[in-house]
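> I'd like to go over a predicted model; first the sequence, then the structure.
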Amino acid sequence: MTDEDEIRLSYRDPLVERLRAEGSLASGDVEVLLPGSFGFCWGVDRALAMVDEARREYAGRPLWLISSIIHNPRVNADLRASGIRFLRGEGAEPDGWARLGPDDVVIVPAFSAPVEDLERLERLGVTVVDTTCPWVVKPHKRTVKYVREGFTSVIHGTLGHEETEATCSLIRHHGGHYVVVHTLEETEVLARFLEGVLDEAALRAGLPPSAFSPGFRPDEHLRRIGVINQTTMLARESRAVGDRLRRALERRDGGDGLDESFRDFDTICRATQDNQDAAEAVVAAAPDVYLVVGGFDSSNTKNLARVGDRAGIPSFHIEGPESLHADRVVHRERPGGAIVTTRDWLPAKRPLRVAFSAGASTPDTLLGAVVTRLFELAGAPAPASV
């Protein structure tokens, strides 16, 4: 058995295993649907296996995480309970960085970390365990190539997300420039500037100040652009971002000049794409409700929830079984991101069909608890798990 198998089994849930095998389960007049791809991805399995290996290899030495290993509060709580300390984020020790020395072991999360953090760890002489997902390394390599070739990186991502923060840090470290767009509306602002429709003041008014690299000069730094995407973004939107910017530069430079001014590179994670495709398929079955389980800070979970929005299905991004009540659901609102309560969310109609998905950092045990809770609220006993 591999380390990845051991980690997955530590979060194994028999009910979810049955759903994974059968795709749907019914109890009375309530049916639950599950997509063909969901939950823990290979990168998450790998990161958790590396943490478990580090605990064995460096037993007796202080272990630290720079920040959340993945965007799931249950998993991070488990790591804190196991004795691993955090330098940033929830439960962080305020003097953590000051306490680091050669005897300490510091784990880089699956999202990677800013170059400044990595250089600081090197100066402190700590042992570093780097769990950065290889799919995250992919856009990093591409942005370095863009910098070397004189292109500014346009990142379709979320400001403040650890992966995008690490990418921006890397670009700055190599002397390059970037602009981050989060939505198609922000992309349109950038595209209209490229086409000469908007001036610099309108460009800066249409994007957050932190979207631009320090010292960003639009007329100079947007002559040549290369597009990448945060690996957990909605793939369809990332393609739309690249297509819109391509059209803008084609209008500005002409078809012959496009090769000199534009690069596009798909850096969406394969597991993210698979989960999104599978979610679209299960939503196409027209369930009455669509529930997506995952950390409220999880980018890929947010985008899985948006799949239901596009299909017109009542969709709720929840963190766990405590989010569900007979008369209300606590969920993350889109697109604003506030945690809100919606009443009368569970249809009284029968038969009732509820579709689920789960983010790439959501353990099966958590999803299983949510499915069981749904059956309970709907007045049907949960099916046997074997």
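Noted; the coordinates are in hand.
> gap between Val180 and Lys141?
18 Å (C-beta to C-beta, to the nearest Å). Placement of C-beta: from N, CA and C, glycine included.
> again, but for Asn229
From Asn229 over to Lys141 the distance is 14 Å, taken as C-beta to C-beta.
> neighbour count winner among the two?
Set Asn229 next to Lys141 and count neighbours by other C-beta atoms under 10 Å: Asn229 wins out with 27 against 13.
> pretty sure that one is touching Thr158, no?
No - in this structure Asn229 lies outside contact range of Thr158 using C-beta atoms under 8 Å: 10.6 Å.
> I'd like the mean pLDDT over stretch 89-100, please.
Across stretch 89-100, pLDDT averages out at 91.
> list the buried ones in that stretch?
Buried residues in stretch 89-100, counted by 16 or more other C-beta atoms under 10 Å: 92, 96-97, 100.
> List just the nearest of these to Val44.
Ala92 (21.1 Å; C-beta to C-beta).
> OK, contacts around the closest one?
By C-beta atoms under 8 Å, 6 or more residues apart in numbering, Ala92 lies in contact with 67, 86.
> After the worst-scoring helix or strand of the chain on mean pLDDT, which helix or strand is next? Please name it.
Within the chain, no helix or strand scores below helix 3-10, which has a mean of 47 by mean pLDDT, DSSP states H and E. Counting by DSSP states H and E, the next helix or strand C-terminal to helix 3-10 is helix 14-22.
> Quick one: list the elements packing against the next helix or strand after that following helix.
Next along the chain after helix 14-22, taking DSSP H and E as the criterion, comes strand 24-27. Here strand 24-27 touches helix 14-22, strand 30-33, going by 3 or more C-beta pairs under 8 Å, 6 or more residues apart in numbering; DSSP states H and E.
> center of this structure, which residue is that?
Centroid-nearest residue in the chain: Ser299, 3.1 Å away (criterion: C-alpha atoms, centre = their mean).
> Work out for me the element the closest residue to it other than its chain neighbours sits within.
Spatially, and ignoring its direct neighbours in sequence, Ser299 is nearest to Thr232 (4.0 Å; C-beta to C-beta, 6 or more residues apart in numbering). Per DSSP H and E: Thr232 is located in neither a helix nor a strand.
> Ok, the one 10 residues further on next?
Gly242 belongs to helix 235-253 when elements are defined using DSSP H and E.
> can you give me the angle the strand or helix carrying Val227 makes with helix 235-253?
Per DSSP H and E: Val227 is located in strand 225-229. Interaxial angle of strand 225-229 relative to helix 235-253 (axes from the mean of the first three to the mean of the last three C-alpha atoms, to 10 degrees): 170 degrees.
> could you say what helices and strands strand 225-229 packs with?
Counting by 3+ C-beta pairs under 8 Å, 6+ apart, strand 225-229 packs on helix 134-148, strand 152-156, helix 235-253, strand 262-264.
> Report the backbone C-alpha coordinates of the third one in PDB.
Put plainly, it is helix 235-253. C-alpha atoms of helix 235-253 as PDB (Å, rounded to 0.1, in the frame of the first residue of the first chain):
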ATOM      1  CA  ALA A 235     -11.900  26.100 -16.800                       C
ATOM      2  CA  ARG A 236     -14.600  27.600 -19.000                       C
ATOM      3  CA  GLU A 237     -13.900  31.100 -17.700                       C
ATOM      4  CA  SER A 238     -10.200  30.700 -18.000                       C
ATOM      5  CA  ARG A 239     -10.600  29.800 -21.700                       C
ATOM      6  CA  ALA A 240     -12.900  32.800 -22.100                       C
ATOM      7  CA  VAL A 241     -10.300  35.100 -20.500                       C
ATOM      8  CA  GLY A 242      -7.600  33.900 -23.000                       C
ATOM      9  CA  ASP A 243      -9.900  34.100 -26.000                       C
ATOM     10  CA  ARG A 244     -11.000  37.700 -25.100                       C
ATOM     11  CA  LEU A 245      -7.500  38.900 -24.700                       C
ATOM     12  CA  ARG A 246      -6.400  37.200 -27.900                       C
ATOM     13  CA  ARG A 247      -9.100  39.100 -29.800                       C
ATOM     14  CA  ALA A 248      -8.100  42.400 -28.200                       C
ATOM     15  CA  LEU A 249      -4.500  42.000 -29.200                       C
ATOM     16  CA  GLU A 250      -5.500  40.900 -32.700                       C
ATOM     17  CA  ARG A 251      -7.500  44.100 -33.100                       C
ATOM     18  CA  ARG A 252      -4.600  46.100 -31.800                       C
ATOM     19  CA  ASP A 253      -1.700  44.400 -33.600                       C
END
